[in-house]
Each structure stands twice: as C-alpha cells, then as structure tokens.
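Undergrad: Quick one, fold the following:
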Amino acid sequence: MFYVASPFFPGRFIAVAMGIRFIVMVTIWSLIFINSLFNQGAPISLNESYCGPCPKNWICYKNNCYQFFNESKSWYKSRASCDKKARGLQLWFICGFKQDFFKLVKSYHWMGLVRIPTNGSWQWEDGSLLLPNQLTIVEMRNGSCVVYGSSFKGYTEDCLTPYTYICMQRIV
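TA: Presented below is the predicted three-dimensional model:
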C-alpha cells in the first residue's frame, strides 16, 4: 500500500520543527536566567586564580577591583569621585596588566597618572614613577594628565577635559 503525502505534511513538519526550536530556546534562556540569579554576588574575574572579594558588579583582576564609569568628568573630579565612593579608591593605573584586561577598555578613560611639574616625569597615584616599558605616552596636548586610548598608549590631555574613568581598589 502506498501512502500519498498529504498537502499539509510540509506545513505540519515546519510547525513541529519551529515548536521544538521554541521549546529549546525557552529552556536555554531559562537556564541562563536561573544561573544569573544564583551568581549575582560572585566577583567577576579575568583569571583562574583567586582574586579576593570585590563589590558587586566590579571586575577583579590581579587582586585589584575595577569599576568602569560612563559619566564624563575632569581628571580631578574623577579622582574625587573614586575617593568619595570608598576610601582608598584610586583612578586606575597599570601594575603588571596583561592584554586581556585592556580588552575591556574600549574608549578613552582617565588614568591615575600625572606629570610632576618640577621635573616633567610621570607619577602614578600610588606615588610610583612610570617605568619606561609600562606605557607609551603620546604627547597630544600640553596636558599634565593621561587618558588611556589603546594598545598600551596613554595620551596627554588637559586635566579639566571631561572623560569617563575607571576606579580601582586594591584588595588587601
């Protein structure tokens, strides 16, 4: 006995396939949602080793916590904003970063790096001097502050120019 294919067979087949696809998508999204509920307080870390406790929504890297802020402020106001959020916060600076951290920095952000007026050298907020192989400084303007651009380059800028910023907190 031969069965003649029903003219509705392709439509039913497509409907069943789309229904299965919908169920799979809902299941995946539900699992993602449930997973995000259980992991809300977990620190975000870029490396496999323990990185210590960071505040919620901060990024942990090499025992420092970082928070990216989208508001634009002068270098001085950015620094004050970091200090106001919690005592001991600083504008971020390089302390042995690898390329993976810099992938997070997509636009220009203030760095905790300023020119010392007396001798013209560059100093990090923690008081240490910029090492020759740490960062390339590109003299763009007659600025005394630095914004991070890309590819391990910092650009001099007037400290009063508004840019976004990143706060850093050392984990003790």
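Undergrad: where does this structure dip in pLDDT?
TA: Along the chain, the model assigns pLDDT under 70 to residues 1-10, 24-52, 86-106, 151, 172.
Undergrad: Longest strand in it, please.
TA: As assigned by DSSP state E, the longest strand anywhere in the chain is strand 64-73.
Undergrad: which residues of this protein fall in strands?
TA: So, for the chain - with DSSP E - the strands run 44-45, 59-61, 64-73, 90-91, 109-115, 122-124, 136-138, 145-148, 153-157, 163-170.
Undergrad: Those: which one's closest to Ser81?
TA: Proximity to Ser81, assessed across the strands of the chain by C-beta to C-beta, is greatest for strand 64-73 (6.2 Å). The C-beta positions use only the backbone N, C-alpha and C, and glycine is treated the same way.
Undergrad: Note down every partner strand of the closest one and its orientation.
TA: Paired neighbours of strand 64-73 in the sheet (DSSP bridges): strand 59-61 (antiparallel), strand 163-170 (antiparallel).
Undergrad: mind putting those in a markdown table, distance to Gly154 included?
TA: Below are the strands paired with strand 64-73 laid out as a markdown table (distance: least, C-beta to C-beta, whole Å):
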| stretch | distance to Gly154 |
| --- | --- |
| strand 59-61 | 18 |
| strand 163-170 | 12 |
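Undergrad: Include mean neighbour count and distance to Phe68 when you put the ones you listed into TSV, please.
TA: Shown next, in TSV, are the strands paired with strand 64-73 (neighbours: other C-beta atoms under 10 Å; distance: least, C-beta to C-beta, whole Å):
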stretch	mean neighbour count	distance to Phe68
strand 59-61	21	8
strand 163-170	21	5
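Undergrad: out of those, nearest to Met140?
TA: Smallest distance to Met140 across the strands paired with strand 64-73 (C-beta to C-beta): 12.5 Å, for strand 163-170.
Undergrad: who's in contact with the longest strand of the chain?
TA: Strand 64-73 has contacts (C-beta atoms under 8 Å, 6 or more residues apart in numbering) with 43, 52, 54-55, 57-60, 78, 81, 85, 92, 95, 104, 109-110, 162-171.
Undergrad: about what we covered before: deepest in the core, which of the strands of the chain is it.
TA: Ranked by mean neighbour count under mean count of other C-beta atoms under 10 Å, the strands of the chain are led by strand 145-148, which reaches a mean of 25.
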